[in-house]
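>>> here is my input; please provide its structure:
(one chain, ligands or ions: 2)
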Amino acid sequence: MSGHVHPCCKIGPSILCADLSCLADECRKMIHCGADYLHLDVMDGHFVPNLTFGHPIVKCLRPKMPEVYFDMHMMVQNPEKWVESMADAGANQYTFHVEACEDIPALCRKIQESGMRVGIGLKPGTPVETILPYRDLLDVVLIMTVEPGFGGQSFMEDMMSKVQYLRTNFPDLDIEVDGGVGPSTIDAVAEAGANMIVSGTAITGATDPSQVIALLRNAVENAIQKSQLER
Ligand SMILES: O=C(CO)[C@H](O)[C@H](O)COP(=O)(O)O
Ligand SMILES: [Fe+2]
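Residues are numbered from 1 along each chain as shown. Ligands and ions are numbered 1, 2, ... in the order given. Take a look at the predicted model:
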């Protein structure tokens, strides 16, 4: 048996397709339904062809839920620009896209020095090996299973080879998957070895979000247990 500890399962709803005019209520509802963290999608209209919100909204949300872990999915050009403001707004994790950044080591250090966990995101067309030189600077690798920009798209199962590669080589890494994840796709995600599960429309659009969260958690926890028995 190896000494590695498999990171635990965490379910992070994306509120991208929720009613953003009642953001705090929608976020509280997710936590009440069993979410472990919130995945907040920031889009700038440049890195992706869509717009959402930035640090001013996060800053207003933070006092309403002081204990909740905010995972910022930064779909923006020049991600180094917003590190201080996001840290000041109360973000816990800053996930930038490798495709949008020039000096990756410098950005990783900046995020870490601001007290946030470091996440790096890969679009579907970006090879997984791109992260290898930065592994030691990263807390989380986010594998996109849709082209970033919009909720409600179809899950790209062929991205699971990236997840498998990461889990095999880095048993204790937090591996996050985002895009089209829900009850019909979670088994592939869980078996590949992801442990941080983002799910948007499948949760926010459900009549009973807590049931969907429980189902996702169950699939991932079973897969983790199975992989540990096999070791
Ligand atoms: O980053 C994203 C889109 O770029 C969203 O997090 C993602 O799409 C979640 O929504 P869904 O589960 O509906 O795909
Ligand atoms: Fe996202």
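>>> test my guess that residue 111 contacts residue 83.
Yes - between residue 111 and residue 83 there is a contact under CB atoms under 8 Å: 5.6 Å. All C-beta atoms are positioned from the backbone trio N, CA, C, and that covers glycine.
>>> which of the two has more residues huddled nearby?
Neighbour tally, residue 111 and residue 83, criterion other CB atoms under 10 Å: the higher count belongs to residue 111, 29 against 22.
>>> need the contact list for the more buried one.
83, 94, 96, 117, 118 (CB atoms under 8 Å, 6 or more residues apart in numbering).
>>> measure it to residue 219 for me?
Distance, residue 111 to residue 219, by CB to CB, to the nearest Å: 30 Å.
>>> how about residue 188?
Applying CB to CB to residue 188 and residue 219 gives a distance of 10 Å.
>>> again, but for residue 94
Using CB to CB, residue 94 is found at 28 Å from residue 219.
>>> the more surrounded of those two?
With neighbours defined as other CB under 10 Å, residue 94 and residue 219 compare such that residue 94 has more, 30 against 20.
>>> which residues does that one bridge with?
Beta-bridge partners recorded for residue 94 (DSSP bridges): residue 72, residue 118.
>>> per-residue confidence at it?
With respect to pLDDT, residue 94 scores 99.
>>> who touches it in this structure?
Contact partners of residue 94, counting by CB under 8 Å, 6+ apart, are 72, 74, 79, 83, 86, 87, 111, 114, 116, 117, 118, 119.
>>> for ligand 1, what is the nearest residue in this protein?
residue 200 (2.5 Å; CB to the nearest ligand atom).
>>> could you verify my assumption that that residue touches residue 16?
Yes - Residue 200 lies in contact with residue 16 (CB under 8 Å); the separation is 5.1 Å.
>>> on the three-state scheme, the residue nearest to residue 199 when sequence neighbours are not counted is what?
Excluding its sequence neighbours, the residue lying closest to residue 199 (CB to CB, 6 or more residues apart in numbering) is residue 181, at 4.6 Å. Classification of residue 181 using DSSP: H, G, I helix; E, B strand; the rest coil returns coil.
>>> residues from the chain in reach of ligand 2?
The chain comes close to ligand 2 at residues 41, 73, 178, as judged by CB under 5 Å from the ion.
>>> surely the last one touches residue 140?
No - assessed by CB under 8 Å, residue 178 is found out of contact with residue 140, at 11.0 Å.
>>> who's more crowded, these two?
In this view residue 178 and residue 140 are compared by other CB under 10 Å, and residue 178 has more residues nearby, 25 against 20.
>>> any idea how far that one is from residue 144?
From residue 178 over to residue 144 (counting by CB to CB), the distance is 6 Å.
>>> quick check: neighbours shared by those two?
residue 121.
>>> show me the contacts for residue 206.
Counting by CB under 8 Å, 6+ apart, residue 206 has contacts residue 212.
>>> and residue 33, how far from residue 93?
Using CB to CB, one obtains 20 Å as the distance from residue 33 to residue 93.
>>> more crowded one of the two?
Neighbours were counted for residue 33 and for residue 93 using other CB under 10 Å; residue 93 has more, 26 against 18.
>>> would you agree residue 89 is in contact with residue 82?
No - counting by CB under 8 Å, residue 82 is not a contact partner of residue 89; they are 9.3 Å apart.
>>> got any residues that touch both of these two?
By CB under 8 Å, 6+ apart, residue 89 and residue 82 have these common neighbours: residue 55.
>>> residues making contact with the helix ranked longest in the chain?
Taking DSSP state H as the criterion, the chain has its longest helix at helix 209-230. If you take CB under 8 Å, 6+ apart as the criterion, helix 209-230 is touched by 6, 8-9, 11, 13, 29-30, 32-35, 181-183, 186-187, 189-191, 193-195, 197, 199, 202-203, 206.
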